[in-house]
Each structure stands twice: as structure tokens, then as C-alpha cells.
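Asks: Pasting the sequence and the predicted coordinates here, then a few questions.
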Amino acid sequence: MSKTTSSGGQQQYHNQVTINLPPQLPSKCFDDDGRLKRTGSVWTASAHIITAVIGSGVLSLAWATAQLGWIAGPTVMFLFSFVTYYTSTLLAACYRSGDPDSGKRNYTYMDAVRSNLGGFQVKLCGAIQYLNLFGVAIGYTIASSISMMAIDRSNCFHSKGHESPCRVSSNPYMIAFGVVEIIFSQIPDFDQISWLSIVAAVMSFTYSTIGLGLGVAKVAENGKIKGSLTGISIGTVTEMQKIWRSFQALGAIAFAYSYSLILIEIQDTIKSPPSEYKTMKKATLLSVVVTTAFYMFCGCFGYAAFGDSSPGNLLTGFGFYNPYWLLDIANAAIVIHLIGAYQVYCQPLFAFVEKTAREWFPHSEFITKEITIPVPGLKSLKLNLFRLVWRTVFVIITTIISMLMPFFNDVVGILGAFGFWPLTVYFPVEMYIKQKRIPKWSPRWLSLQILSGACLMISIAAAAGSFAGVVSDLKVYRPFKTT
């Protein structure tokens, strides 16, 4: 190894020494891009993905299956899982530009689009991605308040009887969730919330398993499997409602699988070797298999238990009343999970706004200065005033919007429809075609374009159904009223 005095020689020497330093000195270990050595693995990446995927969406799957029936419901879930896995592997291949082992890293979804597609598509991608993240924050605020209300009502039903109205307002619970998120949103970046993701992933398994167990028990209690091959029957709903609800169910299932918009950010936490792509491919396969199994069980057993009357939210629709303490545990697990999932989804948006602010106002102490606050017995807390103000305002806005429009199934359907095609299918397909230089009109190119076109049609149908649901709900809803 040459010890030249040129800057290039010094950099080469520095890189070689830091890579070979013993692992017990992580503060002096750097990756090829000069950043602190990443520590993520298949397991932490899987935890991040499962935290993002098995969210509130799983609770609407019994309702979605009820709209589609025993044939179309499970088939659509399986197809969405396959498309999600396949397009996620395409996207993971775009984490590095050029060589998959040593090419330039793309730290965010937008960076990957910028490196591969550029131009107007970067702005389009950013607008869609961050608007979707904003929407997810609203959806999770609504879902958490519904679960907290369910705990309150479950205890009320237990003490006063099932016929009691037990009216509860969602507003105090949304405000409480917002306060907690303001605190957790001060965690500076994605790499420091792996512990929160692991806790949230455990919680998601907890409430999904309880929902599954209650569904199985309900089927056993009924002594038969409810439902039909074609879903909810005409008469229970009108023909037009049947069509709109079927479309909305597609959006609900799409939302249940949506995590591509944060895949690159998750991949950027993974250590190498082996290459980040190989690790991410394994994590994606593991996560999609696990989540699909849960989704099939929860959606199918929920539908088998309740048939056409499957509630929009399996654990809060009060198809179950007892054991009330188990319902309380499940709903508490949902709230804890959503606290973590909110952060997993919002951190990329936080990072984008703060990076942009630093670029626009590099000399502003309000934006750039870190204030160190000593915490007895713990590591010092670093506080940034801009981060404190902007993230607090963000949480307050999402909370207010949630209070104005608390329609769980409709919001879930809109988010699924809006984010599925562009972020899960279109951009990954186009970037992969560009990066691998796939010739236009070749069989591979045609197959990818057919996949993209089919998913676009599904997204349009799902969006139409979900917006129709919002319009219908707004006709009877009054903001800030107790329900």
C-alpha cells in the first residue's frame, strides 16, 4: 500500500485502515461513502418491513375479502403479494447505480429515481411519495384512535351490557396519539429507530394473532363457514354499492402491502458484505411470505366468522365482545405498533424537508445548530430547533385532518390506490429497465410494461371506489361529534 502525500493517496490509506479496524471500535469505522458503518441485517430490515406492512391494513382484510368473495379475495391477496415482492426486488437493485456491489449509493427513493430517470420524473416521484407518507400519517392517527376508542367501549360494554350505546369521542384519543408522536418524532433519523421497529413488529404479530385466534374461535362457535364464492350479496347492498365496494377492497389490499416507498431508506441501513441487494432480497422474501400468511389467515378467518357482515376493522367492529380483556390487549398492541409505524413512514419525509432546509439556508443557526442537552445516566440529547418546530407542526396538522375526516376504510383505500401503481410498480419497473438497459419491445420489456399497465388499471378502479366511499360518508358525517 502506498503512503503518498497526495489527497487521493491519503484517502485510499484512510479507507483501507478504517475497513480493517476491529469491530469493537465502530465509531472509527466507515463505509465506502464516508458514513459511519451500517449495522443493519436481514433481521432488522425484515423488522422494518414487517412494521411498515403489517399495520392497520391487516384489520380491513376481512371486510375486503367479504366484498370480493372466497375466490377473488384470496386470489387478489396472493397476486398483490407476488407483485409487491417482484417489484421490490427490482427497486432493491436500484439502490446502487452501476455496479451492484460498489456503485454510487442512492440514499432515498427520490435519489434512485434521480440517478436512473432524472428530470420531471424526480419531481413527480417526490410529490407522490411524500404526499403518500403524509396520508399514511393521517391513516395511522385515525386507526390508533379507533383502537383506543374500542378499548373504552369494550370496557363499557363489559360493565353496562352489550345494548348500552357507550358513546365515545375519537378526538381526545387522536390528540393523545399526536402528543406521543411529537415526542418520538424528535428521534433524529431512521438508523436510530430500529429498536422502535422491533417493538412495533412484535406488537403487529400480537394483535394479528389475537385477531386470527378470535376469528378461528368464532368459526368454531358458529359451527359453519360463512360467506360466498362471489362476496357480499346484492340485496345486502345495491348493485352500484357492490361495484364500488369491490373496487375499494382492491385499494384496501393494495394499502396492506404498501412499503416500497420506504424500501430504499430501509436498504440504506444494511451492512455489507454481502451486497445490500442480496440482503434486501432475502429480507423482502421473508417479510412478504410472513405477511401474506398472516393476511390470508386474518382475512379468510374473519370472513368465515362474519360473512357479509364482516366489520371494516376486525378488532374494533365489535363482531367480538368477549373475552373483553383480550380485545383490550389486541387494541393496545395496535396502538403501540402504530406509534412505531408512524415514525418508520414519516422519517423519510422529515429527512427530506430538513435536508432541503439546510441546502436553502446553510448559514441559519435555527436550522443547522444542534444543542446538546445532558441527560443524567443516559447519552446526551441533541436538540435542533428547526427539527423540533417543523416536526411538531407536521404532527399537529395530521392530527387535525384526522379529526375532520376519520373514515378508516375510505382513507386506507385511497392511500392504497394512490401509492400502489406509481411507487410500487411504475418507478421500480422504469428504473430497472433503464439500469439494466433492457431493449424496448423485447419480451422482457413488454412483460414489465404489461405488468405496469395492469396495475395502473387496478389503482384507478380502487381510487374510484374509495372516493365514492368518502362522498357517501361525508353525506352523514358531522365533524367533532361523539360516536
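Replies: That came in fine, so what should we check first? Keep in mind the model is a prediction, meaning the values are calculated, not measured.

Asks: Check which element follows the lowest-mean-pLDDT helix or strand in the chain along the chain.
Replies: Averaged element by element with mean pLDDT, DSSP states H and E, the chain has its least confident helix or strand at helix 7-20 (a mean of 41). Counting by DSSP states H and E, the next helix or strand C-terminal to helix 7-20 is helix 42-53.

Asks: Now that following helix: buried residues?
Replies: Buried positions in helix 42-53, judged by neighbour count with 16 or more other C-beta atoms under 10 Å: Val42, Thr44, Ala45, Ser46, Ala47, His48, Ile49, Ile50, Thr51, Ala52, Val53. (C-beta placed from N, C-alpha, C; glycine too.)

Asks: doesn't Val289 make contact with the fourth one?
Replies: Meaning Ser46. No: judged on C-beta atoms under 8 Å, Ser46 makes no contact with Val289 at a distance of 10.3 Å.

Asks: Now find how far off-centre the helix or strand Ala112 falls within is within its chain.
Replies: Using DSSP H and E, Ala112 sits within helix 109-116. On the basis of C-alpha atoms, centre = their mean, to the nearest Å, helix 109-116 sits 20 Å off its chain's mean C-alpha point.

Asks: Show me what it is packed against.
Replies: helix 120-160, helix 263-267, helix 427-435 (3 or more C-beta pairs under 8 Å, 6 or more residues apart in numbering; DSSP states H and E).

Asks: deepest of the ones you listed, which one?
Replies: Each of the helices and strands packed on helix 109-116 was scored by mean neighbour count; the highest is helix 263-267, a mean of 26, by mean count of other C-beta atoms under 10 Å.

Asks: which other helices and strands contact it?
Replies: So helix 263-267, by 3+ C-beta pairs under 8 Å, 6+ apart, packs with helix 42-53, helix 61-92, helix 109-116, helix 276-306.

Asks: cutoff 7 Å now
Replies: With contacts taken as 3 or more C-beta pairs under 7 Å, 6 or more residues apart in numbering; DSSP states H and E, helix 263-267 sits against helix 42-53, helix 61-92.

Asks: now could you export just the CA positions of that helix as CSV?
Replies: Extracted in CSV, the C-alpha atoms of helix 263-267 (Å, rounded to 0.1, in the frame of the first residue of the first chain):
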residue,chain,number,x,y,z
LEU,A,263,-37.7,0.4,0.8
ILE,A,264,-34.5,2.3,-0.3
GLU,A,265,-34.4,4.1,3.1
ILE,A,266,-34.5,0.7,4.8
GLN,A,267,-31.9,-0.8,2.5
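
Asks: any shared contact partners between Ser46 and Val289?
Replies: With C-beta atoms under 7 Å, 6 or more residues apart in numbering applied, the contact sets of Ser46 and Val289 do not overlap.

Asks: which outside residues touch the helix holding Ala112?
Replies: Here helix 109-116 has contacts from 94-95, 97, 106, 121-122, 125-126, 129, 261, 264, 427, 431, 434-435, using C-beta under 7 Å, 6+ apart.

Asks: Among the helices and strands packed on helix 263-267, show me which one is buried the most.
Replies: Of all these, as judged by average neighbours under mean count of other C-beta under 10 Å, the leader is helix 42-53 with a mean of 24.
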